[in-house]
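> Quick one, what's the 3D model for this:
(chains A and B)
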Amino acid sequence: MIDVLNHLAYGFGIAFTPLNILYGFLGCLVGTLIGVLPGIGPAGGMALLLPLTYGKDPVSAIILLAGIYYGAMYGGSTTSVLLNVPGEAASVVTCLDGHQMARKGLAGPALAIAAVGSFIAGTIGVVLLMFIGPPLAQFALKFGPAETFALMVFGLSMVTSLAGLSLRKGLVALILGLMMATIGVDLPTGYIRFTFGISKLMEGFDIIVVAIGLFAVSEILISSEQLSAGEYVREKLTRIWISIKDFRDSLGAILRGTLVGFFIGVLPGAAHVTASFLSYSLEKKFSKHPERFGQGEIRGVAAPESANNSAACGALIPLLTMGLPASAVTAVLYGALLMVGVRPSPFLFQKHPDVVWGLIASMYLGNIMLLILNLPLVGVWVRILSTPPRWLFPIVLAVSFVGVYGVAHAPLDLVIAALLGLLGYFLRKYDYPLAPIILGLVLGDGLEQSLRQALMISGGSLSIFYRSWIAITLFVCAAGVMVIPKIIYRGDGPGEVET
Amino acid sequence: MTKEERIIALIILVVGAVYLGTALSMTSMSIGDPLGHKAYPIMLGGALIVLGLALLIKPEKQSGPALSGKNIITILILTCLLAGYGWTLDWTGYPLGTFLFLVITVRLLGEKKWPLNLALSAAISLVIYLLFTRLLDLMLPLGVLGRFIG
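Predicted coordinates:
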């Protein structure tokens, strides 16, 4: 305890030099800018701005990058709320209720609760990272392919069972996402699957292309349809700021989201996505009014946004304690550390305490800066919504296309995004939820590979799945979430999520 | 409504069948990998077929509004505009392509004043282009304009 506090004081000493404070601020600012632009998520943004760290000393470089990371995560929620355009897979969940709030004139409170939730979750996440990081990393080491497979099954079934009115339609959406994930080269064998002779499909579908197509383009298509039919109504902004009641309502959701997010974040795999989806589903499941979710429920914004941020802290644990990057973002951080001459390994805490504790201390700093930076901006962002829709929609499409084009500089990606938008339009019209498609696409590859690896280890015997108590627990939970809503609601469904 | 739901179920069934057929026709090779690259897709294809059949036999009640012919045409035109804008982007370049896309789409969505439309579209496409290429150092195509500028 005293030890940790000593180290933290040491870290603050490093992070609180004027130069490092400046780097932290710059990182947060640029990160927010990047995050607000649709299509560029934290990992992409960090990779893009990696050259900014050239020639800086390791601590400053990492502080700058970490700032970009939080900034981008926060900025991503802004476009989700205002325009229903997710910056990355994890902010897809924020669209569900955040954008509904914006449609009701409550964009300000939605953005503010996202900022406050992120701040609280980020701060608690850093504390958890310091104290229970190392023992937790040991537990995560127990996760072999069988446990990882079970965890993914649990995450997928949770989201699917709560995604829409109909379990069958949710499952169809999930399987479509999983199928999309199988397109392209199968890495273990090198076999090319489902490309139908189109060479572009060899590398598979990029998540950004699909997220923008399915969510952003289809959203604009639906809104344009309403606009040209004279049905598009936009509520007047009722208020910009959150009320005490909003805050009291969301505090539980923020704290639960923080815990869920942190522990999921530690586990390898698509940490942020699973964390934000799972915390949203849990919040809906244990709510007294699950029917309000998807209609602009403030808890539906608070929980995933908090989970997202504390997952970011959790994801640092495998990187800092074992030298294992477990997500796209930490992989970029890993690369950045290598670039500045620091090799992440189990000895990182001993060999480079200045980097580790400087980073942890800078996270406190970054959280405070983001709150200060973003709260005044809420009013600015919200004004974007008062642009006339006939101008706003085409501009959003043009800007989204920059993000899609940036993925691979391939015009075909843009055509794919347009066609996926049309697909998303029809799916929405017939109440097929979109969220399971995205989650299926993101987790599909990991799901298949962990299944195959597990069976390779066991020589084809399924016993590997029921010999592990972690896997069994997760499978039981997965079955539970699929069956229980049916029993409780007697076929009425757990309430609709407008995706 | 049920009829439309059944048509969708039929499409799902066809997608499942095509996917399963493709999966089954893949050559199998599994060395030390009991599942290989074939088994998992076969499971997915099978599952989608089962779901498609279930939805075909006992359709879900539809709660959303039905599609109308006029709306569909607007949607299709918009999708084609967007796809065409994307497809030609390397040739037209981002500033010119975006300008054309904005002018047509904004008009389609109800902007009546041509001078305003042309001026604002030109300004917006240029601002987006400069913002991304100059400020954030992203690469966007200049297309045919590149020949004139350099």
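> residues contacting the closest residue to chain A within chain B?
For chain B, the residue closest to chain A is B:G86, as judged by C-beta to the nearest C-beta, at 2.5 Å. Every residue, glycine included, has its C-beta placed from N, CA and C. Going by C-beta atoms under 8 Å, 6 or more residues apart in numbering or on different chains, B:G86 touches A:401, A:404, A:411, A:413-415, A:417-418.
> rerun that using 10 Å as the cut-off
A:397, A:401, A:404-405, A:410-419, B:97, B:101 (C-beta atoms under 10 Å, 6 or more residues apart in numbering or on different chains).
> Could you find the closest non-adjacent residue to it?
Leaving aside its chain neighbours, B:G86 sits nearest to A:L414 (2.5 Å; criterion: C-beta to C-beta, 6 or more residues apart in numbering or on different chains).
> so where does that neighbour fall, helix or strand?
For A:L414, the host element (DSSP states H and E) is helix A:411-429.
> List the buried residues of that helix.
Using 16 or more other C-beta atoms under 10 Å in any protein chain shown as the test for burial, helix A:411-429 gives A:411, A:413-429.
> Check the residue lying farthest from the centre of chain B and give its pLDDT.
Distance from the C-alpha centroid of chain B peaks at B:G32, with 39.0 Å (C-alpha atoms, centre = their mean). Here, the pLDDT recorded for B:G32 equals 70.
> just the strands in chain B please.
For chain B, no strands are identified by DSSP state E.
> helices or strands next to the longest helix seen in chain B in the packing?
Across chain B, the longest stretch assigned as helix under DSSP state H is helix B:2-24. With contacts taken as 3 or more C-beta pairs under 10 Å, 6 or more residues apart in numbering or on different chains; DSSP states H and E, helix B:2-24 sits against helix A:167-182, helix A:411-429, helix B:39-57.
> quick one, which of those helices is nearest to A:E231?
Closest to A:E231 of those is helix A:411-429 (C-beta to C-beta; 14.2 Å).
> Report the buried residues of the next helix or strand after that closest one.
The first helix or strand that comes after helix A:411-429 along the chain, using DSSP H and E, is helix A:435-457. The neighbour-count criterion (16+ other C-beta under 10 Å) identifies A:435-456 as the buried residues of helix A:435-457.
> Helix A:435-457 vs chain B: in contact?
Yes: Helix A:435-457 reaches chain B (C-beta under 10 Å from any C-beta of the partner chain) through A:440, A:444, A:447-449, A:451-456.
> A:L49 against A:A61, yeah?
No: using C-beta atoms under 10 Å, A:L49 makes no contact with A:A61, being 11.1 Å away.
> in the lowest-mean-pLDDT helix or strand in chain B, what counts as buried?
Between all helices and strands in chain B, the lowest mean by mean pLDDT, DSSP states H and E belongs to helix B:145-149, at a mean of 79. Within helix B:145-149, the residues scored as buried using 16+ other C-beta under 10 Å are B:L145.
> Any part of it near chain A?
No: Helix B:145-149 lies out of reach of chain A by C-beta under 10 Å from any C-beta, never closer than 14.7 Å.
> Can you get me a residue count around the closest residue to B:M26 other than its chain neighbours?
If the residues on either side of it in the chain are set aside, B:M26 comes closest to B:K38, at 5.3 Å by C-beta to C-beta, 6+ apart. Residues near B:K38, counting by other C-beta atoms under 10 Å in any protein chain shown, number 20.
> how near is B:K38 to B:E60?
32 Å (C-beta to C-beta, to the nearest Å).
> what does B:W114 give?
Separation of B:W114 from B:E60 (C-beta to C-beta): 46 Å.
> likewise A:V81?
Plainly put, A:V81 is 30 Å away from B:E60 if you go by C-beta to C-beta.
> So which of these two has more stuff around it?
A:V81 (31 against 22).
> mind checking pLDDT for that one?
85.
> ditto for A:V378
At A:V378, pLDDT is 76.
> now swap in A:P51 and tell me
pLDDT, A:P51: 68.
> and if you look at B:L51?
At B:L51, pLDDT is 95.
> again with A:V407
The model reports A:V407 with a pLDDT of 76.
> Secondary structure class of it, three-state.
Here A:V407 is helix, with the state taken from DSSP: H, G, I helix; E, B strand; the rest coil.
> I'd like to know how many residues surround it.
Neighbours around A:V407, by other C-beta under 10 Å: 18.
> Please name the residues that touch A:A311.
Residues near A:A311 by C-beta under 10 Å, 6+ apart: A:73, A:90, A:121, A:125, A:257-258, A:260-267, A:271-276, A:278-279, A:304, A:327, A:329.
> Narrow these to those in helices?
Reading helices off the contacts of A:A311 with DSSP H, I get A:73, A:121, A:125, A:257-258, A:260-266, A:271-276, A:278-279, A:304, A:329.
> filter these down to the ones near chain B?
Near chain B, by the rule C-beta under 10 Å from any C-beta, you find none of those.
> Which members of these are classed as buried?
Neighbour counting by 16+ other C-beta under 10 Å classes A:73, A:121, A:125, A:257-258, A:260-266, A:271-276, A:278-279, A:304, A:329 among these as buried.
> So for chain A, the centremost residue is which one?
Geometric middle of chain A (C-alpha atoms, centre = their mean) lands on A:A90, at 1.9 Å.
> residue contacts, that residue?
Going by C-beta under 10 Å, 6+ apart, the list of residues near A:A90 reads A:41-42, A:73, A:76-77, A:80, A:261, A:270-277, A:304-305, A:307-309, A:311-312, A:438, A:442.
> Mind pulling up the pLDDT for the residue of chain A found nearest chain B?
Nearest residue of chain A to chain B (C-beta to the nearest C-beta) works out as A:L414 at 2.5 Å. pLDDT for A:L414: 93.
> That one: what's it in contact with?
Applying C-beta under 10 Å, 6+ apart to A:L414 gives the contacts A:209, A:212-213, A:400-401, A:404-405, A:407, B:82-90, B:97.
> what do you get if the cut-off is 7 Å, keeping everything else the same?
When contacts are counted by C-beta atoms under 7 Å, 6 or more residues apart in numbering or on different chains, A:L414 touches A:401, A:404-405, B:86, B:89.
> got it, and B:V103?
B:117-118, B:121.
> Keep only those of those that are in helices.
Per DSSP H, helices hold the following members of these: B:117-118, B:121.
> Of these, which is the most crowded?
Using other C-beta under 10 Å as the neighbour test, the ones in helices among the contacts of B:V103 are led by B:S121, with 25 neighbours.
> For the residue lying closest to it once chain neighbours are set aside, give its distance to B:L96.
Nearest-residue entry for B:S121: B:L102, 3.9 Å, with adjacent residues in sequence omitted and distances by C-beta to C-beta, 6+ apart. Distance, B:L102 to B:L96, by C-beta to C-beta: 11 Å.
> Could you do A:I472 as well?
With C-beta to C-beta as the criterion, A:I472 and B:L96 are 60 Å apart.
> ok, A:S91 - contacts?
A:S91 is in contact with A:76-77, A:80, counting by C-beta under 7 Å, 6+ apart.
> oh sorry, the question was meant for B:V14
No contacts exist for B:V14 under C-beta under 7 Å, 6+ apart.
> so how far is B:G45 from it?
Remark: distance between B:V14 and B:G45 (C-beta to C-beta) = 12 Å.
> Also A:R390?
43 Å.
> and if you look at A:S161?
For A:S161, the distance to B:G45 - C-beta to C-beta - is 22 Å.
> A:L151 and A:T473 touch, don't they?
No: if you go by C-beta atoms under 7 Å, A:L151 and A:T473 don't touch, sitting 10.1 Å apart.
> So those two - more neighbours on which side?
A:L151 (26 against 13).
> residues contacting the more buried one?
Counting by C-beta under 7 Å, 6+ apart, A:L151 touches A:267, A:474.
> Low-confidence ranges, chain B, go.
Applying pLDDT under 70 to chain B flags the ranges B:1, B:30-31, B:62-66, B:136-137, B:150.
> What residue spans form the domains of it?
Chain B breaks down into these domains under automatic domain parsing: B:2-57, B:69-149.
> A:K351 is nearest to which of the ones you listed?
domain B:69-149 (33.6 Å).
> A:D354 contacts A:S60, correct?
No: contact criterion C-beta under 7 Å: A:D354 and A:S60 do not qualify, at 10.8 Å.
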